[in-house]
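Visitor: predicted coordinates and the sequence they were generated for:
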Amino acid sequence: MQVSSQGVTVVALLADPDAPTEIAQRMARTLPDRLTDKSDRGRRFDVEVVSEPFTSGTEDPPTLMRRIMDRGSAENWDIVVALTDLPLHSHGRKLAVNLNHEHGLALLSLPSLGGLRLQTRARRAVEEAVLDMARPQTDGAEGTPRSQPLPGPSVDRLAPSHPGRTDEKETDDLRYVVSGPRGYLRVLAGMVRANRPWRLVPGLSKALAAALATGAVATVNSTVWTLASSLSTPRLVIAMVGSVAIMIGWLIIDADLWHRSTESSPEARQRARLYNASTVLTLGIGVLVCYVGLLVINLVWALFILNGQAFTAVTRTPLHAAEYWTVAWFVASVATVGGALGSGLESDEAIRAAAYSKREQERRHTLQDEHGDQPSK
């Protein structure tokens, strides 16, 4: 790593667009002071944020490290830390951090940090990487080898990540990988968070319009009153789970969201399972948010529109709070199925935009182009 003169180390945060850039920009507000306070050499740090799609067209870590190296060599940067919201894999393992001490490069895969406290975990990981690469690197008996993990809190903060030596042909000299069931769940949670499932609600306007219309009509239907009054709580739960599953399945099939690997290697199949699991969880959370919204709206509508005498005449049951809740709950399930049908009016691109992060959309679009898929409807 080259170090700038006058005791100032210039750190560049090279971030993919969307969420990684937002994280980098928030981080940059306090990172220089935090690095200066933690530096044992009294060195000052300047931090720059550069937003560009450096992962475009590839998920290969060595290729990405070469891109980062080329980008850094064209600028007056001492250390480059690249952030992406794509999950990265290397030799069958899920990659957390790649480090190249010689050139002062680090590649951080944000999903490996999990879905909770992402901003704090990302900041800590970047701090440890920068301070690690800013230290004098020695070999042999005189100091800690460059390819050895630091005996500090960095390993614990990336737990359950484990450092491992890399091949000489690789572009990094230290790698942290995520392993085990806990690591798999951590990456999966990070992928779901990167997709921001709550954006599914405003993103599917036509489906929501169909669901709201279905709910409004069903609430004043006497047959629905009778059915709702006759259903037990377990059956209402089954109706809810079934409607949510229908909505998720319809979105996956209609917009072709299921990832199919064209490779037969175990690593490719593992990646496909991870991507599909994140798709199901992302859609599941988004659809559940929609369901709760529909339930609240239907409940308010029922309180306003239902007539106690008419309801009692049809169902022979007095209209009390429990009946309002039962009707709203059952109507929410019916409306969700109507929303699934209404989602067929959405374009595939609109559904992908609502379900995936920007980088994940570009990754899937690239795969479509490579495999010669038909254009979206």
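Guide: Here it is on my side, so go on. In this text the structure is predicted, and so the values were computed from the model without any measurement. Numbers count the residues shown, from 1 in each chain.
Visitor: so what's the closest residue in space to residue 38 that isn't next to it in sequence up against?
Guide: Leaving out its chain neighbours, the residue that sits closest to residue 38 by C-beta to C-beta, 6 or more residues apart in numbering is residue 131, at 6.0 Å. C-beta coordinates here come from the backbone N, C-alpha and C atoms, glycine included. Residue 131 is in contact with 35, 38, 39, counting by C-beta atoms under 8 Å, 6 or more residues apart in numbering.
Visitor: isn't the last one right up against residue 135?
Guide: No. Between residue 39 and residue 135 there is no contact under C-beta atoms under 8 Å: 9.1 Å.
Visitor: and the pLDDT at the residue nearest to residue 38?
Guide: Reported pLDDT at residue 131 in the predicted model: 88.
Visitor: ok but it is inside a helix, no?
Guide: Yes. When DSSP: H, G, I helix; E, B strand; the rest coil is applied, residue 131 is found to be in a helix.
Visitor: any idea which element the nearest residue to residue 174 once chain neighbours are set aside lies in?
Guide: Excluding the flanking residues, the one nearest residue 174 by C-beta to C-beta, 6+ apart is residue 99, at 4.2 Å. Mapping residue 99 onto the secondary structure by DSSP states H and E places it in strand 93-100.
Visitor: report the distance from that strand to the chain centre.
Guide: 18 Å (C-alpha atoms, centre = their mean, to the nearest Å).
Visitor: give me the sheet partners of it and which way each runs.
Guide: When sheet partners are counted by DSSP bridges, strand 93-100 sits next to strand 88-90 (antiparallel), strand 105-109 (antiparallel), strand 174-178 (antiparallel).
Visitor: neighbouring contacts of it?
Guide: Taking contacts as C-beta under 8 Å, 6+ apart, the residues outside strand 93-100 that touch it are 61, 65, 69, 87-89, 105-109, 112-113, 125, 129, 132-133, 158, 161, 171-179, 183-184, 187, 274.
Visitor: give me the ChimeraX select line for those, limited to the buried ones.
Guide: Applied in ChimeraX, the following selects the buried portion of the contacts of strand 93-100 according to 16 or more other C-beta atoms under 10 Å:
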select :61,65,69,87,88,89,105,106,107,108,109,112,113,125,129,132,133,158,161,171,172,173,174,175,176,177,178,183,184,187,274
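Visitor: ok, then the element right after the helix or strand containing residue 278?
Guide: Mapping residue 278 onto the secondary structure by DSSP H and E places it in helix 266-305. Counting by DSSP H and E, the next helix or strand C-terminal to helix 266-305 is helix 308-315.
Visitor: what comes up buried for that next one?
Guide: 311, 315.
Visitor: in the protein, what secondary structure element scores lowest on mean pLDDT?
Guide: Least confident helix or strand, the chain: helix 153-157 with a mean of 42, by mean pLDDT, DSSP states H and E.
Visitor: could you count how many residues lie near residue 213?
Guide: 14 (other C-beta atoms under 10 Å).
Visitor: can you pull out the helices in the stretch 51-200 of the chain?
Guide: All helices of the stretch 51-200 of the chain, identified by DSSP state H, counting those that start in this stretch, fall at 61-73, 118-134, 153-157, 180-195, 200-203.
Visitor: how about those in a markdown table, adding distance to residue 8?
Guide: Converted to a markdown table, these look like this (distance: least, C-beta to C-beta, whole Å):
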| stretch | distance to residue 8 |
| --- | --- |
| helix 61-73 | 16 |
| helix 118-134 | 11 |
| helix 153-157 | 23 |
| helix 180-195 | 33 |
| helix 200-203 | 44 |
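Visitor: worst mean pLDDT among those helices?
Guide: Comparing mean pLDDT across the helices of the stretch 51-200 of the chain, the lowest value falls on helix 153-157: a mean of 42.
Visitor: still on that earlier bit, by how many degrees do the strand holding residue 99 and helix 61-73 diverge?
Guide: Strand 93-100 and helix 61-73 meet at an angle of 30 degrees, taking axes from the mean of the first three to the mean of the last three C-alpha atoms, to 10 degrees as the criterion.
Visitor: run the angle between strand 93-100 and helix 118-134 for me.
Guide: Here strand 93-100 runs at 40 degrees with respect to helix 118-134, directions being taken by the same axes, to 10 degrees.
Visitor: ok, for residue 16, nearest residue in space, not its chain neighbours?
Guide: Once its chain neighbours are removed from consideration, residue 16 has its nearest residue in residue 84; the separation is 4.7 Å (C-beta to C-beta, 6+ apart).
Visitor: count the residues that sit near that neighbour.
Guide: Other residues within reach of residue 84, judged by other C-beta under 10 Å, total 23.
Visitor: and what of residue 257?
Guide: For residue 257, the tally of surrounding residues (other C-beta under 10 Å) stands at 21.
Visitor: identify the residue nearest it in space, chain neighbours excluded?
Guide: Nearest residue to residue 257 in three dimensions, chain neighbours excluded: residue 279, at 5.3 Å (C-beta to C-beta, 6+ apart).
Visitor: list the contacts of that neighbour.
Guide: Taking C-beta under 8 Å, 6+ apart as the test, what residue 279 contacts is 252, 257, 258, 259, 355.
Visitor: average pLDDT across stretch 24-42?
Guide: Per-region confidence: stretch 24-42 scores 86 on mean pLDDT.
Visitor: same check, this time on stretch 299-315
Guide: When pLDDT is averaged along stretch 299-315, the result is 92.
Visitor: what separates it from the chain centre, distance-wise?
Guide: Shown here is stretch 299-315, whose average C-alpha point lies 42 Å from the average C-alpha point of the whole chain (C-alpha atoms, centre = their mean).
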